[in-house]
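**Q** For reference, the sequence and a predicted model appear below.
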Amino acid sequence: MTTLERTIPPDNRVELISSRTGRFAALAVICLAELLVVLDNTIVNVALPSIGVELHTGVSGLQWVVDAYTLTFAGLLLACGNLGDRYGRRRIMIIGLIGVGVMSVAGANAETLGQVIAARAAMGVFAAAVFPATLALIINIFTDTRERALAIAAWTAMAGFAIAIGPMSGGWLLEHFSWHSVFWINVPVAAVAIIATLLLVPESKAAVVGRLDLPGIVLSIAGITLLVWSIIEAPRYGWLSLATLGGIAAAAVLLGAFVWWQLRTPTPILDMRLFRIRRFSLPALAIAIAYFSMFGFLFLITQYFQGVREYTPLEFGIASLPFAVSVAVGAPIATLLAQRIGTTAVIVFGLLLTGLGLYLGGLVDVDSTYLADVLPSMVSMALGLAIVQGPATESIMSSLPLDEAGAGSAVNDTTREIGGTLGVAVLGSIVASYYSTTISPIIDRVPAMLMNEDEKGFARATVLSVLEIRKREIPTMLEPQRENLITAMKSAVLQGSQTASLVAAGAVVVCAIIVAIFLPWAPSKENAVLLAWRNDEADPQP
């Protein structure tokens, strides 16, 4: 019996599309849904300075604007993947699209930081329903190996396209409207995606599923949320404070309990045995580390372009365009190349290229030029990320039977989001610690004629306050002091960014070494190993 016969039961749980045109039309719609989810992560980065200035919040608050979405998103991916397998992936995706549209309206009408964070968190809940379904539908619609590789390449390239239009569209919107507009833009995209999904995307579900693992869901959300909260708030409470160390310890206990439960429950939300398959676990690790560096890099580069270089949102969008184009171009090429020379070689090269980009980014200072110093770092890192994620995703999904496409997609997506969330939390906190420690004594000595107490508090929290300091009218005699203060603020944030970049580069290089040593270099034997594992016949080592 063939792999396809063993993974597609007689009830024909997926409505197969016979024509190639129909399959790729469905792919276009699925990619549009993916675009909406990724766009929410990228477009908000451009609006962070405007949100920070208007709502007077520092780095910690801005981190929560980003992480509120990614936390709920990451925490619920596994559950939503399971729900898609159970009730229908298209149905769950449509529910998610409706929810993202409705919560975007709530975000657009928010007037306080708490309301923005709440709207972002709710958007993350519904985005978690959309994202696993996109990849699971692709895996089930495209049964031909080459077509599937092309479809996955398109799926990964869409992330790059979203990164491209996020800063550009966000910059244009902020040039003409308030930051609320970055929420409004989601509404028409969601509406079009819903209609197109109903018309062009077939339903797909698993033939047999177990009970929903509610204890696993609760433990995973609680553990991940507490861990990220502890890291984000560490600069405020102190890295060695009871709040920080106690939060990290409690998070470790919760995540340990999660693993313990997953190994014992008959219907785990995350089957820990999957990680015994090296072609599953090591690409998942590579994606997590790659997204750790990318999300952290995007968060830092927002402050660099708009705080250090003092670009407008639109100028920031244009300046970051090479990063996005590199991702969009590199992802499909790398996926197809991996079929020729092997997944391991491509992933290792991509990780090393990402590390090089991060290292170059760590060399940037106040006097660095865009073309000679910043651009090479962005392009190198973006290409590295693109080279990693396409082949790694294909390897992960090829290690699973079609009946578990939703759960497998959720695991793939969860590693991305957890990595990205921790990237913003860890790298952002490193920068915040360096910046606040260095700049606070300097700001304490600034005269009241130059800055009032509220402005000093904002300046201690983030370099984005430079935008407000520039606007304030002051006596001419204080101009040199203001310039010296601005230069000191920029130097302080770049010192933190340099350390954060080197930390990320080190993590990427260590990951590359692990993948090179433990991920098999020989071509995989399709699903033979997986099928043996599913039947408990062998230890699955490709």
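**A** Sure thing, it's come through. Numbering: from 1, shown residues only.
**Q** can you list contacts of stretch 475-486?
**A** By Cβ atoms under 8 Å, 6 or more residues apart in numbering, the list of residues contacting stretch 475-486 from outside reads 442-443, 446-447, 449-450, 466, 469-470, 474. Just so you know, the C-beta spots here come from the backbone N, C-alpha and C atoms, and that holds for glycine as well.
**Q** Distance check, the residue sitting furthest away from the middle of the chain against Met449.
**A** For the chain, the residue at maximal distance from the C-alpha centroid (Cα atoms, centre = their mean) is Met477, at 46.3 Å. Relative to Met449, Met477 is positioned 9 Å away (Cβ to Cβ, to the nearest Å).
**Q** Next: Val38.
**A** Counting by Cβ to Cβ, the gap from Val38 to Met449 is 46 Å.
**Q** When those two are compared, which one has more neighbours?
**A** Val38 (19 against 12; other Cβ atoms under 10 Å).
**Q** Hmm, Ala162 and that one touching each other?
**A** Yes - using Cβ atoms under 8 Å, Val38 is in contact with Ala162, at 3.7 Å.
**Q** returning to that earlier point: for the residue farthest from the centre of the chain, report the pLDDT, please.
**A** Met477 carries a pLDDT value of 81.
**Q** That one falls within a helix, correct?
**A** Yes - per DSSP: H, G, I helix; E, B strand; the rest coil, Met477 lies within a helix segment.
**Q** do you know how far it is from Leu450?
**A** Counting by Cβ to Cβ - Met477 and Leu450 are separated by 10 Å.
**Q** Tell me how many other residues surround Gly342.
**A** Neighbour tally, Gly342, other Cβ under 10 Å: 18.
**Q** Also Pro391?
**A** There are 30 residues near Pro391, going by other Cβ under 10 Å.
**Q** buried ones in the strand or helix carrying it?
**A** Assigned by DSSP states H and E, Pro391 belongs to helix 375-398. For helix 375-398, the neighbour count (16 or more other Cβ atoms under 10 Å) marks 377-398 as buried.
**Q** low-scoring stretches of the protein, by residue?
**A** 1-18, 56, 58-60, 160, 163-164, 207-210, 232, 235, 401-408, 522-542 (pLDDT under 70).
**Q** quick one, the host helix or strand of Val431 and helix 375-398 angle?
**A** Using DSSP H and E, Val431 sits within helix 405-444. For helix 405-444 against helix 375-398, the angle between stretch directions is 150 degrees (axes from the mean of the first three to the mean of the last three Cα atoms, to 10 degrees).
**Q** same for helix 405-444, what does it pack against?
**A** Judged by 3 or more Cβ pairs under 8 Å, 6 or more residues apart in numbering; DSSP states H and E, the packing partners of helix 405-444 are helix 59-87, helix 113-141, helix 214-232, helix 234-237, helix 278-303, helix 375-398, helix 453-461, helix 479-518.
**Q** Identify whichever of the ones you listed lies nearest to Ile430.
**A** helix 479-518 (4.3 Å; Cβ to Cβ).
**Q** Need the residues that contact the helix or strand harbouring Trp260.
**A** In this assignment (DSSP H and E), Trp260 forms part of helix 242-264. Outside helix 242-264, the residues within contact range by Cβ under 8 Å, 6+ apart are 213, 215-216, 219-220, 222-224, 226-227, 229-231, 233-234, 237-238, 268-272.
**Q** State the distance from the nearest residue to Leu55 once chain neighbours are set aside to Arg236.
**A** In space, and not counting its chain neighbours, Leu55 is closest to Leu113: 4.7 Å by Cβ to Cβ, 6 or more residues apart in numbering. Distance from Leu113 to Arg236, counting by Cβ to Cβ: 15 Å.
**Q** got it, and Pro447?
**A** Applying Cβ to Cβ to Pro447 and Arg236 gives a distance of 26 Å.
**Q** And the two? Which one has more around it.
**A** Arg236 (17 against 9).
**Q** quick one: secondary structure of Met451?
**A** Met451 ends up coil, using three-state DSSP.
**Q** Verify the stated contact: Ser169 with Asn186.
**A** No - look at Ser169 against Asn186 with Cβ under 8 Å: they stay out of range, at 10.9 Å.
**Q** Show me which of these two is the more surrounded one.
**A** Neighbour tally, Ser169 and Asn186, criterion other Cβ under 10 Å: the higher count belongs to Asn186, 24 against 20.
**Q** Please, which helix or strand holds the closest residue to that one other than its chain neighbours?
**A** In this structure, Asn186 finds its nearest non-sequential neighbour in Ser104, 3.8 Å apart by Cβ to Cβ, 6+ apart. According to DSSP H and E, Ser104 maps onto helix 89-108.
**Q** What helices and strands are in contact with that helix?
**A** Against helix 89-108 (3+ Cβ pairs under 8 Å, 6+ apart) you get helix 20-55, helix 59-87, helix 113-141, helix 181-184, helix 186-200.
**Q** Report the angle between the longest one and helix 186-200.
**A** Put plainly, it is helix 20-55. 160 degrees.
**Q** And helix 20-55, what's buried?
**A** So for helix 20-55, counting by 16+ other Cβ under 10 Å, buried means 23-27, 29-53, 55.
**Q** Equivalent analysis for stretch 229-249, please.
**A** For stretch 229-249, by 16+ other Cβ under 10 Å, it's 229-236, 244, 247-248.
**Q** From the residues you listed, pick the one nearest Ala372.
**A** Using Cβ to Cβ, the buried residues of stretch 229-249 come closest to Ala372 at Pro235, 32.0 Å.
**Q** Enumerate every residue touching the nearest residue to Val364 once chain neighbours are set aside.
**A** Excluding its sequence neighbours, the residue lying closest to Val364 (Cβ to Cβ, 6+ apart) is Asp373, at 5.4 Å. Listed by Cβ under 8 Å, 6+ apart, the contact set of Asp373 reads 360, 363-364.
**Q** In helices, which of those residues appear?
**A** Judged by DSSP state H, the subset of those located in helices is Leu360.
**Q** Narrow the contacts of Asp373 to those that are buried.
**A** By 16+ other Cβ under 10 Å, the contacts of Asp373 give 360, 364 as buried.
**Q** nearest to Ser181, of the contacts of Asp373?
**A** Val364 (30.4 Å).
**Q** who's in contact with that closest one?
**A** So Val364 contacts 304, 373-374, 377, 494, 497-498 (Cβ under 8 Å, 6+ apart).
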